[in-house]
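Undergrad: The sequence and its predicted three-dimensional model are supplied below.
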Amino acid sequence: MSQSSAAAMDAAGIGLASKNQASTLGGDAAGISLASMWVGFIAFAVAALLGFYQVIVRIDLIPALKSPALYFGSVSTHGVLMGFVLTTFLIMGYGYYTATTSLKQDLWSKPLAWFGFWLAVVGVLLAAGPLLTGNASVLYTFYPPLMAHPAFYIGATLLVVEGSGEGDTHQNYRELGYRKVPADELIDLDLEETGEYEDPEAERFPRIQLPRLIMDGFLISIPVLKDHSCCGVTLSIKNMVGVLPASRYSGYMSYKKSEVHNGDLDQAIADICRYRSPDLALIDGRIGMKGSHLAGTPCTPPKRVLIGGRNPWTADAAGARALGWNPEEIGHLQTTEQIFLSR
């Protein structure tokens, strides 16, 4: 037998195997496998577009597209599509394909397989509603106390002074292992008596409610060194959002103190600092986090720095540089520069 004849037989054999394999993956098995994979691919395409939108917002390429509500919604939806929808449906599709080709197994119940597929699709649609309407923001989706719209969780199932940004402050301290601070020494600013203050030069908050406790004494802001999805960085000045009482400044989105996002966030931070700013900034940069304030990654290698100063602006500018930012790129450092440097 010539080499050309052997090659022809090999080619025919390959063609025959592919044909038999295709016939094994026939009927409903082929349909449900391809349908599952297509849902996964569509989820990936949508997530890619949302990721592109986030890049446009982060680099301020098209200012007209900058919307805090839309940005946080895109972050949430992107995470759900990539982490759950894409992986779940690709696993389903590949699983059916492998079972009916490599393992030569028939589907145990084709109707049940399709029922599972459509049940997962319904779950995606149920979760999509709250995500697209801002009722399942990135801060309150999978993080306690799980305050997104119930439809999101149903769909997903089918598929030291402190003012915590989410959850109960005392509970957060217990779960994070900070109970070395006795309970009677930990003050939750959300539970403190508030007063009303006015400043006609404040643009976002010409009238504001703040805990009376923080207006006297020596206030130290102790953030960790990390990036922020909307603000570039979140350090001692951005940390002051935490002093806003949740009872007054929640409700715009599904997490506490979200009213700061109902407009110019950088200006809101500046307005808060007009009323009360830190007397001392201490930034914990032993590790640092890049990428975002929620889903970022630890700095590699760790930054191994501690940054402090009586002027929070200069401390935050140094912290921004440590994370690779030019302070001029950070909006709230621009809006607060004159407030701090004129002192």
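TA: Perfect, thanks for sending it. Numbers count the residues shown, from 1 in each chain.
Undergrad: what about the helices in the stretch 1-150 of the chain?
TA: With helices called from DSSP state H, counting those that start in this stretch, the stretch 1-150 of the chain shows them at 3-24, 27-58, 68-80, 87-100, 110-132, 150-158.
Undergrad: Could you list the domains of the chain?
TA: 3-158, 192-341 (automatic domain parsing).
Undergrad: chain center to the last one, what's the gap?
TA: I take that to be domain 192-341. Centroid separation for domain 192-341 versus its chain: 18 Å, with C-alpha atoms, centre = their mean, to the nearest Å.
Undergrad: and what of the first one?
TA: Relative to its chain's centre, domain 3-158 lies at 20 Å (C-alpha atoms, centre = their mean).
Undergrad: what pairs with the top strand by length along the chain, and is each one parallel or antiparallel?
TA: Longest strand of the chain, by residue count under DSSP state E: strand 280-290. Sheet partners assigned to strand 280-290 using DSSP bridges are listed as strand 220-221 (parallel), strand 224-228 (parallel), strand 297-298 (antiparallel), strand 305-309 (antiparallel).
Undergrad: Could you pull up the mean pLDDT of it?
TA: Average pLDDT, strand 280-290: 93.
Undergrad: just stretch 331-343 next, same as before
TA: The pLDDT scores in stretch 331-343 average 87.
Undergrad: try stretch 263-277
TA: 92.
Undergrad: What are the buried residues along it?
TA: Going by neighbour count (16 or more other C-beta atoms under 10 Å), the buried part of stretch 263-277 is 264-277. For glycine as for every other residue, the C-beta is placed from the backbone atoms N, C-alpha and C.
Undergrad: quick one: which of these is nearest Gly40?
TA: Gly40 lies nearest to Leu265 out of the buried residues of stretch 263-277, by C-beta to C-beta, at 34.5 Å.
Undergrad: how far away is the closest one from Leu132?
TA: Separation of Leu265 from Leu132 (C-beta to C-beta, to the nearest Å) stands at 21 Å.
Undergrad: cool, and Gln105?
TA: Counting by C-beta to C-beta, the gap from Gln105 to Leu132 is 39 Å.
Undergrad: which residues in the stretch 201-343 of the chain form helices?
TA: For the stretch 201-343 of the chain, the helices defined by DSSP H, counting those that start in this stretch cover 246-249, 265-275, 312-322, 331-341.
Undergrad: how about these, which one is nearest Val233?
TA: Taking the helices of the stretch 201-343 of the chain one by one with C-beta to C-beta, helix 312-322 is closest: 5.0 Å.
Undergrad: elements contacting the closest one?
TA: With contacts taken as 3 or more C-beta pairs under 8 Å, 6 or more residues apart in numbering; DSSP states H and E, helix 312-322 sits against strand 232-233, strand 280-290, strand 305-309, helix 331-341.
Undergrad: any idea which of the ones you listed is most buried?
TA: Highest mean neighbour count of these: strand 232-233, a mean of 24 (counted as mean count of other C-beta atoms under 10 Å).
Undergrad: for that strand, packing partners?
TA: Applying 3+ C-beta pairs under 8 Å, 6+ apart, we find strand 232-233 packed against helix 312-322.
Undergrad: Could you tell me the angle between the helix it packs on and strand 305-309?
TA: Orientation check (axes from the mean of the first three to the mean of the last three C-alpha atoms, to 10 degrees): helix 312-322 against strand 305-309 gives 160 degrees.
Undergrad: Can you give the contact residues for helix 312-322?
TA: Residues from elsewhere that reach helix 312-322 (C-beta atoms under 8 Å, 6 or more residues apart in numbering): 221, 225, 232-233, 235-238, 277-278, 280-281, 283, 285, 288, 303, 305, 307-309, 326-327, 329-330, 333, 336-337, 339-341.
Undergrad: mind exporting that helix as PDB, just the C-alpha atoms?
TA: Taking C-alpha atoms only, helix 312-322 is exported to PDB below (Å, rounded to 0.1, in the frame of the first residue of the first chain):
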ATOM      1  CA  PRO A 312      -5.100  64.600  54.500                       C
ATOM      2  CA  TRP A 313      -4.800  66.000  51.000                       C
ATOM      3  CA  THR A 314      -1.000  65.600  50.900                       C
ATOM      4  CA  ALA A 315      -1.300  62.100  52.500                       C
ATOM      5  CA  ASP A 316      -3.900  61.000  49.900                       C
ATOM      6  CA  ALA A 317      -1.800  62.500  47.100                       C
ATOM      7  CA  ALA A 318       1.200  60.400  48.300                       C
ATOM      8  CA  GLY A 319      -1.100  57.300  48.500                       C
ATOM      9  CA  ALA A 320      -2.400  57.900  45.000                       C
ATOM     10  CA  ARG A 321       1.200  58.000  43.700                       C
ATOM     11  CA  ALA A 322       2.000  54.800  45.600                       C
END
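Undergrad: follow-up on the earlier one: dump the helices of the stretch 1-150 of the chain to JSON lines, plus mean pLDDT, distance to Pro245 and mean neighbour count.
TA: Listed next are these as JSON lines, based on pLDDT from 0 to 100; distance: least, C-beta to C-beta, whole Å; neighbours: other C-beta atoms under 10 Å:
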{"stretch": "helix 3-24", "mean pLDDT": "35", "distance to Pro245": "64", "mean neighbour count": "10"}
{"stretch": "helix 27-58", "mean pLDDT": "87", "distance to Pro245": "29", "mean neighbour count": "17"}
{"stretch": "helix 68-80", "mean pLDDT": "82", "distance to Pro245": "20", "mean neighbour count": "21"}
{"stretch": "helix 87-100", "mean pLDDT": "84", "distance to Pro245": "40", "mean neighbour count": "18"}
{"stretch": "helix 110-132", "mean pLDDT": "85", "distance to Pro245": "26", "mean neighbour count": "17"}
{"stretch": "helix 150-158", "mean pLDDT": "73", "distance to Pro245": "26", "mean neighbour count": "17"}
